[in-house]
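> Quick one: sequence and predicted model below, then my questions.
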Amino acid sequence: LSPVTSLIMFLLVFPFWAIGIRRIRETMNARSVPLIALLSAFSFVIMMFNVPLPGGTTGHAVGAALAAIILGPEVATIAVSIALIIQALFFGDGGILAIGANCFNMAVVIPYVAAAVYRAFSKNTPIGSRRRWAGAAVGGWLGVTVGAFFAGVEFGLQPLLFKAADGAPLYAPYPLAVAVPAMVIPHALVASVVEGLLTALVVIYLQRSNVGILEAAEKPASAGIEASSFRKLRWLWI
């Protein structure tokens, strides 16, 4: 991505960081911190499994959909951004200039899309409803697919906007007609499926063993989370 594109993406993601930090300040307490940390770590680990995909790119699940369901999309943006920033700074995964773009595509787009879909499915349903894990699956799949679409658009705009004097692309060389399908199709068939499946399985697990986590996600922040809920998460930690 060009430096101009990178700067624009930083500017786009910055308001969502501000909203997320404000929400954390309003909701964070000694009981909720471990859950935020757990989901950030979960996102960090799951993103390390990059799988080569047809079209010259790679794909991976993000864990952002699950974070959005449990923490809300605002806090999930911060949790996933932390994982992405650590990856870029200490592992060279994504690059420093690409932090804004990566955080927008994976820490903003995925959580907000997934949360919207999950809430549409789960509205006015009991905690144990099948519609909840179905909404988690669809939300996870759609969130990663839409995030991949945005990445494809960002790549595809580079040769259109940034060229050398002889017309050669200065940055990503493939046009929208190539970049968007190369990102969207493989992700929709592989990475998005993994994201949806993982999200649904964890929601099913929580429905059966720790409904307090799902209930707390729908209550006002001041309600807090019972300490016993974290003890029940020990198998999820493993």
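Now that the structure is in, tell me what you want to look at.

> now for the helix or strand where Phe14 lies, which elements pack on it?
For Phe14, the host element (DSSP states H and E) is helix 3-27. Counting contacts by 3 or more Cβ pairs under 8 Å, 6 or more residues apart in numbering; DSSP states H and E, helix 3-27 is packed against helix 73-91, helix 99-102, helix 130-161. To be clear about C-beta, it is placed using only N, CA and C from the backbone, and glycine gets the same treatment.

> Do me a favour and average the pLDDT over the following helix or strand past the longest one.
Right, the one you point to is helix 130-161. Sequence-wise, the next helix or strand downstream of helix 130-161 (DSSP H and E) is helix 176-186. Mean pLDDT, computed over helix 176-186, is 92.

> Residues contacting helix 176-186, please?
53-57, 59, 145, 148-149, 151-153, 155-157, 160, 172, 174 (Cβ atoms under 8 Å, 6 or more residues apart in numbering).

> ok so, going back, just checking the distance from whichever helix or strand comes after the helix holding Phe14 to the centre of its chain.
Going down the chain from helix 3-27, the next helix or strand is helix 33-47, by DSSP H and E. The chain centroid and the centroid of helix 33-47 are separated by 11 Å under Cα atoms, centre = their mean, to the nearest Å.

> In terms of secondary structure, what does helix 33-47 contact?
Packing partners of helix 33-47 (3+ Cβ pairs under 8 Å, 6+ apart): helix 64-71, helix 73-91.

> Show me which positions of that helix end up buried.
Buried residues in helix 33-47, counted by 16 or more other Cβ atoms under 10 Å: Leu35, Ile36, Leu38, Leu39, Ser40, Ala41, Phe42, Ser43, Phe44, Ile46, Met47.

> Check for me that Thr58 belongs to a strand.
Yes - Thr58 forms part of a strand when assessed by DSSP: H, G, I helix; E, B strand; the rest coil.

> tell me which helix or strand of this structure sits lowest on mean pLDDT?
helix 227-231 (a mean of 48; mean pLDDT, DSSP states H and E).

> Leaving out sequence neighbours, find the closest residue to the most centrally placed residue in the chain.
Centroid-nearest residue in the chain, with Cα atoms, centre = their mean: Ala64, separated by 3.0 Å. Excluding its sequence neighbours, the residue lying closest to Ala64 (Cβ to Cβ, 6 or more residues apart in numbering) is Ile110, at 3.9 Å.

> before we move on, what about Phe49?
Closest to Phe49 by Cβ to Cβ, 6+ apart is His60, at 5.6 Å.

> again, but for Gly128
Per Cβ to Cβ, 6+ apart, closest to Gly128 is Gln207, 5.2 Å.

> Could you report the separation of the one you found from Ile78?
Per Cβ to Cβ, to the nearest Å, Gln207 is found 26 Å from Ile78.

> quick one: which of those two has more around it?
Higher neighbour count among Gln207 and Ile78: Ile78, with 22 against 18, using other Cβ atoms under 10 Å.

> isn't that one right next to Ile21, touching?
Yes - using Cβ atoms under 8 Å, Ile78 is in contact with Ile21, at 6.4 Å.
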